[in-house]
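[1] fold the following, please.
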Amino acid sequence: MNISKLDFISAQTRSRIIKIITYLSKGDFKNFYSPRPISRSLQEKSFPNYPKKEQNSSFFDNNPSTFSQQKNVKNREFQEIPDNYENPSTSLSKNPYKSAEFPQSFTKPPYNPSRNAPDEYLSKKMDQKSSQNPLLNDFVNLLTPENSKEMLIFSLQNLDPIIDSIIDSIMASKEAYLKLLNLIEINLPTEYLPSQIKILESLNKNLTEARAFDGLQHKIVTRLLKAFSLNSSKLQGIFYSLLQTHLTMGRFRVDVPTLISMISCPFVRLQELGVKIMAELSDPNVNEFNNYDLQFENHIKFLLETSLSKKKGFEFKNSALMAIANLSLKDSLRPQIVYNSGIEAFLFHLRNEENLEGQRIAAKGLLNLSIKSSIL
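    Numbers count the residues shown, from 1 in each chain. This is a model prediction of the structure:
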């Protein structure tokens, strides 16, 4: 696998290496070694305590010496059995509540940890199952945009049939998850889009909170916004699901400028998602552990203009107005809201009888501005 990545390797040699790796990963070999059957003498030594099957009389009639040898061996074998030997199966049949006295050569069965620690045992079994394919890590490591299309397609074809069985082990590893996340930036031919969508859907379905936070830290929102414009439109559905799941499970740990870029993008679904998250992010009850005052300070005017836009629907404008109403509780942001005609914007929505939800939000915003404020 490492040899195929060298620069001086020709395309023909690289393709042959890929074919060899593909053949070895399948494990279906027709030309295999067939061991010889155990010889008759070894079979006799392996089972000395069992009487032998009666042989053909015609064979011993023609070979009297062979018959005498077999007879001597048979007598000698039965003489070696101790007199006090008791068959365990016989003793159990006589008294089923009495433990059988096994020979000294008998070894107890190994300790089964699944009875005392099932959770730990099952987790170890899952790790063993994921490590059954030694090329699994190589398949995932190939998913980098710098690799050639042949290597990317080779990795995709091998991950597609097993992704549902290995996705848990991938989610347990931060490095494997980030490698798999590179699929959002890889542009492949149309015939491989179903495999790409299947892998991304499995990632989205089994996403954990820890991996969602890792994705937000590695700027998945910005990467998905870029992928919306550069990749095929057939991938936009799964891109939107990935974006929504990461933001929700990551508890909206994203900066305000990134959300502003979502609201300003040309895709309507992303605009609506961005302004809804902006309203959630401004709520002090939702994000008590984060302080976004400094980030919101430079975008107050943008939010007020968005709430008054004639090109947007009521739901979109109400989300922007809700963000302004929540920010009105901040003492450090009230002067910015008033300076950018926030009171006029609230009064405009308060007079709009067609938008009842907007009237409620505007009244809430005016009330928040008047609390402990010398401005009003």
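[2] C-alpha from now on. contacts and neighbour counts both.
    Fine.
[3] ok, residue 333 - contacts?
    Under the criterion of C-alpha atoms under 8 Å, 6 or more residues apart in numbering, the contact partners of residue 333 comprise 293, 297, 327.
[4] what's the distance between it and residue 339?
    The gap separating residue 333 from residue 339 is 10 Å, by C-alpha to C-alpha, to the nearest Å.
[5] same check on residue 284?
    Residue 284 sits 22 Å away from residue 339, taking C-alpha to C-alpha as the criterion.
[6] also residue 294?
    When distance is defined by C-alpha to C-alpha, residue 294 is 16 Å away from residue 339.
[7] and for residue 20, the neighbour number?
    The local packing count at residue 20 equals 11, with neighbours defined by other C-alpha atoms under 10 Å.
[8] mind checking pLDDT for residue 15?
    The model reports residue 15 with a pLDDT of 73.
[9] residue 98 too?
    According to the model's per-residue confidence, residue 98 sits at a pLDDT of 46.
[10] now do the one 10 residues further on
    Per-residue confidence (pLDDT) for residue 108: 46.
[11] so, low pLDDT: which residues of the protein?
    Counting by pLDDT under 70, the chain contains low-confidence ranges at 1-9, 11-12, 22-23, 25-135, 287-290, 372-376.
[12] quick check: domain ranges of it?
    Taking automatic domain parsing as the criterion, the chain consists of the domains 134-251, 252-376.
[13] just the buried positions in stretch 261-268, please.
    Neighbour counts using 16 or more other C-alpha atoms under 10 Å place 261, 262, 263, 265 of stretch 261-268 among the buried residues.
[14] returning to what we had before: which one of residue 284 and residue 339 is surrounded by more residues?
    Under the neighbour definition other C-alpha under 10 Å, residue 284 and residue 339 were set side by side, and residue 284 has more, 16 against 11.
[15] what's the local residue count around residue 18?
    Residues near residue 18, counting by other C-alpha under 10 Å: 18.
[16] which residues touch it?
    Residue 18 makes contact with 151, 154 under the criterion C-alpha under 8 Å, 6+ apart.
[17] distance of it relative to residue 152?
    Counting by C-alpha to C-alpha, the gap between residue 18 and residue 152 amounts to 11 Å.
[18] who's in contact with residue 150?
    Contacts were defined as C-alpha under 8 Å, 6+ apart; by that measure residue 150 touches residue 15.
[19] where's it, which helix or strand?
    With secondary structure defined by DSSP states H and E, residue 150 is part of helix 149-159.
[20] buried set for that helix?
    Counting neighbours by 16+ other C-alpha under 10 Å, one finds that the buried residues in helix 149-159 are 151, 152, 153, 154, 155, 156, 158, 159.
[21] could you pull out the helices in the stretch 151-300 of the chain for me?
    Under the criterion DSSP state H, counting those that start in this stretch, the stretch 151-300 of the chain carries helices at the ranges 163-171, 174-180, 193-205, 209-217, 220-230, 236-249, 256-264, 268-282, 293-297, 300-307.
[22] now distance to residue 137 too, for those helices, in CSV please.
    Formatted as CSV, the entries for the helices of the stretch 151-300 of the chain read as follows, by distance: least, C-alpha to C-alpha, whole Å:
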stretch, distance to residue 137
helix 163-171, 9
helix 174-180, 8
helix 193-205, 15
helix 209-217, 18
helix 220-230, 22
helix 236-249, 23
helix 256-264, 33
helix 268-282, 34
helix 293-297, 40
helix 300-307, 46
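[23] picking up where we left off before, out of the domains of the chain, which is closest to residue 10?
    Each of the domains of the chain was scored for nearness to residue 10 using C-alpha to C-alpha, and the closest is domain 134-251 (12.5 Å).
[24] can you give me the neighbour number for residue 24?
    Using other C-alpha under 10 Å, residue 24 has 12 other residues around it.
[25] for residue 188, which non-adjacent residue is closest in space?
    Beyond its immediate neighbours in the sequence, the residue positioned closest to residue 188 (C-alpha to C-alpha, 6 or more residues apart in numbering) is residue 149, lying 7.4 Å away.
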